[in-house]
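Engineer: can you look at this prediction? I've put the sequence above it.
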Amino acid sequence: MLPLYGGYDLVSSGHRDHFHLLQGSLKQNFPDSPVRMYTYGQPRTGDDNYTYWINDHQAF
């Protein structure tokens, strides 16, 4: 649907250890769509500097 219609934001939510893999997969498969992630029940991954670095480098 996204390649046909576009203009959608991708929003995911969840918890557990491997949820960050979903975010990477979404960003890799839909590079032109904004990706937002909300997590619950896990330790914080990194701080603001980590977030900025990941966003700048798109290491996926």
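Structural biologist: Sure, I can see it. Numbers count the residues shown, from 1 in each chain.
Engineer: ok, residue 32 to residue 46 distance?
Structural biologist: According to C-beta to C-beta, to the nearest Å, residue 32 stands 25 Å off from residue 46. Quick note: C-beta positions are derived from backbone N, CA and C, even for glycine.
Engineer: so where's the chain uncertain?
Structural biologist: For the chain, the stretches with pLDDT under 70 are 1-3, 5-7, 10, 13-20, 37-43, 45, 58-60.
Engineer: please enumerate the helices of it.
Structural biologist: Assigned by DSSP state H, the chain shows helices spanning 2-5, 19-29, 48-57.
Engineer: now render these as JSON lines, adding distance to residue 11.
Structural biologist: Formatted as JSON lines, the helices of the chain follow (distance: least, C-beta to C-beta, whole Å):
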{"stretch": "helix 2-5", "distance to residue 11": "13"}
{"stretch": "helix 19-29", "distance to residue 11": "10"}
{"stretch": "helix 48-57", "distance to residue 11": "16"}
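Engineer: go through those and pick out the most buried.
Structural biologist: Greatest average neighbour count among the helices of the chain goes to helix 19-29 (a mean of 15), per mean count of other C-beta atoms under 10 Å.
Engineer: that one vs helix 48-57, what angle?
Structural biologist: For helix 19-29 against helix 48-57, the angle by axes from the mean of the first three to the mean of the last three C-alpha atoms, to 10 degrees is 30 degrees.
Engineer: just use 695 as the starting number from now, easier for me
Structural biologist: Okay, using 695 as the starting number, the last item reads as helix 713-723.
Engineer: with just CA atoms, put helix 713-723 into PDB.
Structural biologist: Provided in PDB are the C-alpha atoms of helix 713-723 (Å, rounded to 0.1, in the frame of the first residue of the first chain):
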ATOM      1  CA  PHE A 713      11.600  -4.500  18.900                       C
ATOM      2  CA  HIS A 714      14.400  -2.200  17.600                       C
ATOM      3  CA  LEU A 715      14.800  -4.700  14.700                       C
ATOM      4  CA  LEU A 716      11.300  -3.800  13.500                       C
ATOM      5  CA  GLN A 717      12.200  -0.100  13.400                       C
ATOM      6  CA  GLY A 718      15.300  -0.900  11.400                       C
ATOM      7  CA  SER A 719      13.400  -3.100   9.000                       C
ATOM      8  CA  LEU A 720      10.700  -0.500   8.500                       C
ATOM      9  CA  LYS A 721      13.200   2.200   7.800                       C
ATOM     10  CA  GLN A 722      15.200   0.000   5.400                       C
ATOM     11  CA  ASN A 723      12.100  -1.100   3.500                       C
END
